[in-house]
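Enquirer: any chance you can model this:
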Amino acid sequence: MLRRFLRVARGPGARVHRCGGGCIWYLERRAMRESPCRFLHLLRNVNQQWVTFQHVNFLRRMYVTQLNRSLKQQIKPKPEPAESPFLAKTSLDEAKAEICEMRPLVPSSLSLSRKPSEKALIELEPTSVTEGSIALGKETKEEKQWKEMKLRADDLPGILARLSKIKLTALVVSTTSAGFALAPAPFDWSCFLLTFVGTGLASCAANSINQFFEVPFDSNMNRTKNRPLVRGQISPLLAVSFATCCAVPGVALLTWGVNPLTGALGLFNIFLYTCCYTPLKRVSIANTWVGAVVGAIPPVMGWTAATGSLDAGACLLGGILYSWQFPHFNALSWGLREDYSRGGYCMMSVTHPALCRRVALRHCLALLAMCAAAPALDVTTWTFPVIALPINLYISYLGFRFYRDADRKSSRKLFFCSLWHLPLLLLLMLTCKRRAGEEGTGAPQS
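Expert: Take a look at the predicted model:
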């Protein structure tokens with residue numbers, strides 16, 4: 001092979017070809033030592049071709065790559081064995097004892113010109129390292145230990161507010177107040193305050209009992225894992241005691257302070273929320289319809305507190321709240337499907353996603369019909385369905401988008417729209433309320 005390369009090298013440019021032949025001879029020799037099979041195969045393939053600079057460069061790179069691989073395999077470090085956590089305390093104690101027994105030795109090679117402060121620093125180094133390691137060991141040990149959460153008097157109001165779902169309670173009280181204000185009766189401040197307080201206490205009791213029953217399931221959901229009972233901020237006995245202290249005076253105020261019908265509706269709503277809706281959430285998707293009935297009762301309670309009777313206007317207000325809850329809750333649950341599935345709750349958005357979107361759209365359209373029926377039942381004037389038409393059309397459009405797209409973006413838009421739609425709708429109803437002296441088209445004229 002070398003003779004063939006030398007023959008090629010005779011003629012013009014002999015120096016270049018002689019250098020190339022020498023490089024080929026050197027690389028062939030090294031390849032015979034490292035991996036003869038691979039490099040000889042490559043050389044046999046190029047024997048029939050003209051040896052150029054590209055061939056030499058290719059062989060050089062192959063050799064360097066093989067050499068680097070062998071070096072990496074030689075210097076690969078062994079993994080260090082992981083220290084057992086059960087031996088952490090023993091190893092720390094042994095290290096402390098060994099280091100305490102040791103004394104810092106000053107080597108003879110140190111010059112006498114060294115300052116005393118430097119010697120003191122050298123002597124203090126082992127002690128500081130030991131103290132730091134012991135302190136770190138204590139901190140990690142304390143973090144692993146279970147800590148009992150102590151209840152302070154300053155934190156109790158905030159904990160009880162979260163236990164009673166203060167935002168949901170505020171919504172319940174506001175709808176009750178709207179029902180009281182829309183009723184065709186003189187506004188009695190004492191009766192209104194008793195209704196306000198009694199309904200708020202009943203809502204706090206129902207929400208507290210609901211959280212008491214759902215502690216094992218709330219701990220599996222990101223949305224509810226920070227609730228007071230889940231985190232152990234209060235005991236279950238304290239939660240039940242708080243619910244009892246809210247339910248008894250709340251129902252008593254509604255029954256004897258307002259009227260028996262309103263008190264019976266409050267007691268029935270507590271029972272429906274805690275004993276029907278709460279266990280049904282893990283059994284059937286019918287829990288959504290039961291929960292809508294629970295949310296529709298508060299404005300009816302406000303109406304009955306003012307009038308003492310169940311009229312068509314009370315049923316209309318209850319129907320508006322009933323239909324509003326479906327686009328509100330279905331859009332909310334659509335973005336929490338993973339959480340509800342992890343918690344084991346049977347929701348429409350998890351088991352029947354197509355039905356969830358259809359129901360939301362149907363009740364968005366139902367709001368248009370019920371707002372048009374308000375003046376016919378002498379609750380509002382005919383101005384109300386006209387001025388409420390834009391917001392009802394907008395929420396219906398978002399309900400259609402949610403039904404068509406079925407994504408988180410459309411559900412989020414529908415949910416946030418429902419948050420301002422209901423207060424604005426009730427405010428428009430109060431603005432267009434039919435006064436007591438006005439003649440209605442739905443009532444017979446005298």
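
Enquirer: now do the same contact list for residue 348.
Expert: 285, 288, 330, 333, 355-356, 359 (C-beta atoms under 8 Å, 6 or more residues apart in numbering). Where C-beta positions appear, they are placed from N, C-alpha and C, glycine not excepted.

Enquirer: now those as a markdown table including distance to residue 225 and secondary structure?
Expert: Below are these laid out as a markdown table (distance: C-beta to C-beta, whole Å; DSSP: H, G, I helix; E, B strand; the rest coil):
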| residue | distance to residue 225 | secondary structure |
| --- | --- | --- |
| 285 | 24 | coil |
| 288 | 23 | helix |
| 330 | 23 | helix |
| 333 | 17 | helix |
| 355 | 28 | helix |
| 356 | 24 | helix |
| 359 | 28 | helix |
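
Enquirer: so among those, which ones count as buried?
Expert: 285, 288, 330, 333, 356, 359 (16 or more other C-beta atoms under 10 Å).

Enquirer: got the contact list for the one helix or strand residue 240 maps to?
Expert: Using DSSP states H and E, residue 240 sits in helix 236-252. Residues from elsewhere that reach helix 236-252 (C-beta under 8 Å, 6+ apart): 160, 163-164, 197-202, 204-206, 208-209, 211-212, 215, 228-229, 263, 266-267, 270.

Enquirer: what's the answer for stretch 301-315, then?
Expert: Here stretch 301-315 makes contact (C-beta under 8 Å, 6+ apart) with 175-185, 187-188, 191-192, 194-195, 199, 254, 258-259, 261-262, 265-266, 269, 299-300, 317, 377-379.

Enquirer: selection in PyMOL covering whichever of the residues you listed are buried, please.
Expert: This is how PyMOL selects the buried members of the contacts of stretch 301-315, with burial counted by 16+ other C-beta under 10 Å:
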select buried, resi 175+176+177+178+179+180+181+182+183+184+191+192+194+195+199+254+258+259+261+262+265+266+269+299+300+317+377+378+379
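
Enquirer: in helices, which of the contacts of stretch 301-315 fall?
Expert: Members of these lying in helices (criterion: DSSP state H): 175-182, 191-192, 194-195, 199, 261-262, 265-266, 269, 299-300, 317.

Enquirer: circling back: can you list the contacts of residue 348 in CSV and add distance to residue 307 and pLDDT?
Expert: Converted to CSV, those look like this (distance: C-beta to C-beta, whole Å; pLDDT from 0 to 100):
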residue, distance to residue 307, pLDDT
285, 35, 93
288, 30, 94
330, 33, 95
333, 35, 93
355, 37, 95
356, 36, 95
359, 32, 96
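
Enquirer: farthest pair within the residues you listed?
Expert: Using C-beta to C-beta, the two most remote members of the contacts of residue 348 are 333 and 355, lying 12.1 Å apart.

Enquirer: can you give me the buried ones in the helix or strand in which residue 412 is found?
Expert: Assigned by DSSP H and E, residue 412 belongs to helix 408-431. Using 16+ other C-beta under 10 Å as the test for burial, helix 408-431 gives 410-411, 413-415, 417-418, 421-422, 425-426, 428-429.

Enquirer: and stretch 266-280, by the same measure?
Expert: By neighbour count with 16+ other C-beta under 10 Å, stretch 266-280 contains the buried residues 266-267, 269-270, 272-274, 277-278, 280.

Enquirer: dump that stretch to PDB, restricted to CA.
Expert: Only the C-alpha atoms of stretch 266-280 are listed here, as PDB (Å, rounded to 0.1, in the frame of the first residue of the first chain):
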ATOM      1  CA  GLY A 266     -84.200  29.300  55.600                       C
ATOM      2  CA  LEU A 267     -84.300  26.000  57.500                       C
ATOM      3  CA  PHE A 268     -85.200  24.100  54.300                       C
ATOM      4  CA  ASN A 269     -82.300  25.700  52.400                       C
ATOM      5  CA  ILE A 270     -79.800  24.700  55.100                       C
ATOM      6  CA  PHE A 271     -81.100  21.100  54.900                       C
ATOM      7  CA  LEU A 272     -81.100  21.100  51.100                       C
ATOM      8  CA  TYR A 273     -77.500  22.400  50.900                       C
ATOM      9  CA  THR A 274     -75.900  20.200  53.600                       C
ATOM     10  CA  CYS A 275     -77.900  17.000  53.400                       C
ATOM     11  CA  CYS A 276     -78.800  16.800  49.700                       C
ATOM     12  CA  TYR A 277     -76.500  18.800  47.600                       C
ATOM     13  CA  THR A 278     -73.200  18.000  49.500                       C
ATOM     14  CA  PRO A 279     -73.500  14.200  49.400                       C
ATOM     15  CA  LEU A 280     -75.000  14.300  45.900                       C
END
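
Enquirer: give me the contact list for that stretch.
Expert: 198-199, 202, 205-206, 209-210, 213-214, 247, 250-251, 254-255, 286-287, 290-291, 293-294, 297-298, 301.

Enquirer: can I have the buried ones of those as a ChimeraX selection?
Expert: In ChimeraX, this line selects whichever of these come out buried by 16+ other C-beta under 10 Å:
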select :198,199,202,205,206,209,210,214,247,250,251,254,255,287,290,291,293,294,297,298,301
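
Enquirer: so, low pLDDT: which residues of the stretch 251-400 of the chain?
Expert: Of all residues in the stretch 251-400 of the chain, none has pLDDT under 70.

Enquirer: would you map the strands across the stretch 201-350 of the chain?
Expert: Ranges of strands in the stretch 201-350 of the chain, per DSSP state E, counting those that start in this stretch: none exist.

Enquirer: which ones are touching the closest residue to residue 318 other than its chain neighbours?
Expert: In space, and not counting its chain neighbours, residue 318 is closest to residue 296: 4.1 Å by C-beta to C-beta, 6 or more residues apart in numbering. Taking C-beta under 8 Å, 6+ apart, we find residue 296 in contact with 318-319, 321-322, 325.

Enquirer: one more: residue 418?
Expert: Residue 418 neighbours (C-beta under 8 Å, 6+ apart): 324, 327-328, 331, 395.

Enquirer: repeat that for 10 Å
Expert: Neighbouring residues of residue 418 by C-beta atoms under 10 Å, 6 or more residues apart in numbering: 324-332, 360, 364, 395, 398-399.

Enquirer: try residue 421
Expert: 324, 327-328, 364, 367, 388, 391-392, 394-395, 398, 414.

Enquirer: look up how far residue 301 lies from it.
Expert: Using C-beta to C-beta, to the nearest Å, residue 421 is found at 22 Å from residue 301.

Enquirer: what does residue 232 give?
Expert: Residue 232 sits 35 Å away from residue 301, going by C-beta to C-beta.

Enquirer: and for residue 290?
Expert: 17 Å.

Enquirer: can you check residue 204 too?
Expert: Distance, residue 204 to residue 301, using C-beta to C-beta: 15 Å.

Enquirer: which strand or helix spans residue 395?
Expert: helix 389-405.
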